[in-house]
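*Asks:* need a structure here:
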Amino acid sequence: MGEKIADMDGQRVRLMGACDIAQAALFADIFTAEVATLRAQLRKAEQQWEDRRGRSRCEVDMPARLLKLREQLDEAKRLSALLQKVRKQS
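*Replies:* A predicted model of the protein is given here:
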């Protein structure tokens, strides 16, 4: 059994089968949950940073944890959007 290939706009693309579509849907759901979790963690981390800035007499640098959470959220949102796009195209 070979892969099904289609020619679209001069490019050869692999057609998605039922298993591929189901897996994309599962991953989309996982990333949707991940985005929600990261947003909650980010809100908490931002609030803690704001509290610390309010108590400090000098400027407080943004914590590395906060920067990392923002990066993770951006990546999860990007992947979620790609998977949603795949879902809509199937």
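*Asks:* which other helices and strands contact the strand or helix carrying Arg70?
*Replies:* Assignment of secondary structure by DSSP states H and E places Arg70 within helix 64-89. The helices and strands touching helix 64-89, judged by 3 or more Cβ pairs under 8 Å, 6 or more residues apart in numbering; DSSP states H and E, are helix 18-55. Every residue, glycine included, has its C-beta placed from N, CA and C.
*Asks:* Check which residues of the helix it packs on are buried.
*Replies:* For helix 18-55, the buried set under the neighbour-count rule, 16 or more other Cβ atoms under 10 Å, comprises Ala24, Phe27, Ala28, Phe31, Glu34, Val35, Leu38, Leu42, Ala45, Trp49.
*Asks:* Now Pro63: phi and psi?
*Replies:* Phi and psi for Pro63, reported as degrees, to the nearest 10, are phi -60, psi 150.
*Asks:* residue farthest from the centroid of the protein?
*Replies:* Distance from the centre of the chain peaks at Arg57, with 36.4 Å (Cα atoms, centre = their mean).
*Asks:* Are we agreed that that residue is in a strand?
*Replies:* No. Inclusion of Arg57 in a strand is not indicated when DSSP: H, G, I helix; E, B strand; the rest coil is applied; the result is coil.
*Asks:* Tell me the spacing between it and Leu83.
*Replies:* Arg57 sits at a distance of 46 Å from Leu83 (criterion: Cβ to Cβ, to the nearest Å).
*Asks:* What of Ala36?
*Replies:* When Ala36 is compared with Leu83 (using Cβ to Cβ), they lie 15 Å apart.
*Asks:* With Ala18 instead?
*Replies:* Distance check for Ala18 against Leu83: by Cβ to Cβ, it reads 16 Å.
*Asks:* shaky segments in the protein?
*Replies:* Low-confidence segments of the chain, defined by pLDDT under 70, span residues 1-9, 12-15, 90.
*Asks:* for the residue most central in space within it, what are its contacts?
*Replies:* Against the mean C-alpha coordinate of the chain, by Cα atoms, centre = their mean, the closest residue is Ala76 at 1.3 Å. Applying Cβ atoms under 8 Å, 6 or more residues apart in numbering, we find Ala76 in contact with Phe31, Glu34, Val35, Leu38.
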